[in-house]
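Asker: Pasting the sequence and the predicted model now:
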Amino acid sequence: MSRLVCADFDEFEEALYGVQGRYVLRSRQQRDWRLRVVELNGVALMFGREGAGTVYSGVGLPGFFNIFLPLNRHECTVVNGHRFDRRLLAWMVPDAMFHIDASQPATWMTVAMSCELVLRWAKVHEDEFDPSILSRNLVNVAQMDIAPLIWLARRLFRIDQQAPEDLHNPAAEHAARTELMDRVFRTLLPLATPGRAPRARLDHQQILRKALELLASIKEAPVHMEDLCVAAGASERTLRNVFNRYLGMSPHRYLMMHRLHTIRGAILQARPGDTITDICAQYGVWDFGRFAGHYRTYFGELPSQSLHGRLRTAGTLPLHSIIR
């Protein structure tokens, strides 16, 4: 995690991710300026605390889309002429000018997402995505409660601060950035234009068979929603309908349960020297506390207890072993 504490706004201004612009102070400085950034290989989460009331005029950098939401003083924040409240968030596209007027020192959150990742997400969700948002800035009423997005962001900051090695391996970063982008767009969407022509009906049995075949064929790597959509040749909305109809749950929940069972299988086949951290890293686990809670709910014991039981059965548990 990048942490920056500045006595004035110049260094703070230069460190902002995904945008470029200038601050004009509209009140005297009341506190220092603070910035925290977590980078997830194409997605950057940023918390900022400004030291004064400001006007910021900027432009989205060519490679990034951004969302912006204030975390306090909502009524004192105006974005592109729209006064904020707790239900609004702003969307900024590359190369488009925007203006943020904060009459009081504000704290805010942004998520910068690479164009490549946004376009990939849009393709997987093409029947519920309005492509016109890719070319215009907007201030939109959130379609879901914003609180879960903020909660997820705070979890990422906490893990990045306390256990960065858990978050910054390729599988974990992929899982974390996928979860964050899904939450961003679920909060922003639906924005699909009414009356769009429906896609041709696909064979639900064939979709389900292809998705489950992919899960069965991959044993030692994480599987994500995008992988299921590509394998099944269907959008996420169609997959949700199929999974809920035939399996009684969403594909997100099915993937979570599949991952739990896969990791449990790997634990029960563990060799001397294997740790829970090593095993879970293969499957994109980045929040071990949350994962352990889910694991105990389904299997009645913590992952570490499963591993200790496996090693005791095999007669290879070292006396000094303490594995979380």
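Answerer: Thanks, I have it. As the structure is a prediction and not an experimental result, all values here were calculated from the model.
Asker: now the strands for this structure?
Answerer: 2-6, 19-25, 33-39, 43-49, 54-60, 64-70, 77-79, 82-83, 88-92, 97-102, 107-114, 138-141 (DSSP state E).
Asker: how far out from the middle of the chain is the second one?
Answerer: To tie it back to what came earlier, the one meant is strand 19-25. Centroid separation for strand 19-25 versus its chain: 26 Å, with C-alpha atoms, centre = their mean, to the nearest Å.
Asker: now the strands of the chain in CSV, with mean pLDDT and mean neighbour count?
Answerer: All C-beta spots, glycine's among them, are computed from the backbone N, C-alpha and C. What follows is the strands of the chain, written out as CSV (pLDDT from 0 to 100; neighbours: other C-beta atoms under 10 Å):
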stretch, mean pLDDT, mean neighbour count
strand 2-6, 85, 13
strand 19-25, 92, 15
strand 33-39, 94, 20
strand 43-49, 96, 21
strand 54-60, 94, 18
strand 64-70, 95, 22
strand 77-79, 94, 21
strand 82-83, 93, 13
strand 88-92, 94, 23
strand 97-102, 94, 19
strand 107-114, 96, 21
strand 138-141, 90, 15
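Asker: Export those strands to a markdown table and append columns for distance to residue 157.
Answerer: Output for the strands of the chain, formatted as a markdown table (distance: least, C-beta to C-beta, whole Å):
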| stretch | distance to residue 157 |
| --- | --- |
| strand 2-6 | 10 |
| strand 19-25 | 20 |
| strand 33-39 | 6 |
| strand 43-49 | 7 |
| strand 54-60 | 22 |
| strand 64-70 | 15 |
| strand 77-79 | 21 |
| strand 82-83 | 27 |
| strand 88-92 | 19 |
| strand 97-102 | 22 |
| strand 107-114 | 10 |
| strand 138-141 | 25 |
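Asker: for those strands, which one sits closest to residue 301?
Answerer: Closest of the strands of the chain to residue 301 is strand 33-39, at 31.5 Å (criterion: C-beta to C-beta).
Asker: by contact count, what packs against the closest one?
Answerer: Applying 3 or more C-beta pairs under 8 Å, 6 or more residues apart in numbering; DSSP states H and E, one finds that strand 33-39 contacts strand 2-6, helix 9-15, strand 43-49, helix 147-162.
Asker: The ones you listed: which one's closest to residue 102?
Answerer: Ranking the helices and strands packed on strand 33-39 by proximity to residue 102 (C-beta to C-beta) places strand 43-49 first, at 10.6 Å.
Asker: Adjacent strands (with direction) for that closest one?
Answerer: Paired strands of strand 43-49, with direction, are strand 33-39 (antiparallel), strand 107-114 (antiparallel) (DSSP bridges).
Asker: Using CSV, lay out those together with distance to residue 3.
Answerer: Shown next, in CSV, are the strands paired with strand 43-49 (distance: least, C-beta to C-beta, whole Å):
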stretch, distance to residue 3
strand 33-39, 6
strand 107-114, 15
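Asker: Of all these, which one comes closest to residue 59?
Answerer: Using C-beta to C-beta, the strands paired with strand 43-49 put strand 107-114 closest to residue 59, at 13.1 Å.
Asker: beta partners for residue 65?
Answerer: residue 113.
Asker: Please tell me how far the residue nearest to residue 111 when sequence neighbours are not counted sits from residue 262.
Answerer: Excluding the flanking residues, the one nearest residue 111 by C-beta to C-beta, 6 or more residues apart in numbering is residue 67, at 5.1 Å. Distance, residue 67 to residue 262, using C-beta to C-beta, to the nearest Å: 32 Å.
Asker: Take the helices and strands packed on strand 33-39 and lay them out in CSV including distance to residue 245.
Answerer: What follows is these, written out as CSV (distance: least, C-beta to C-beta, whole Å):
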stretch, distance to residue 245
strand 2-6, 45
helix 9-15, 48
strand 43-49, 32
helix 147-162, 26
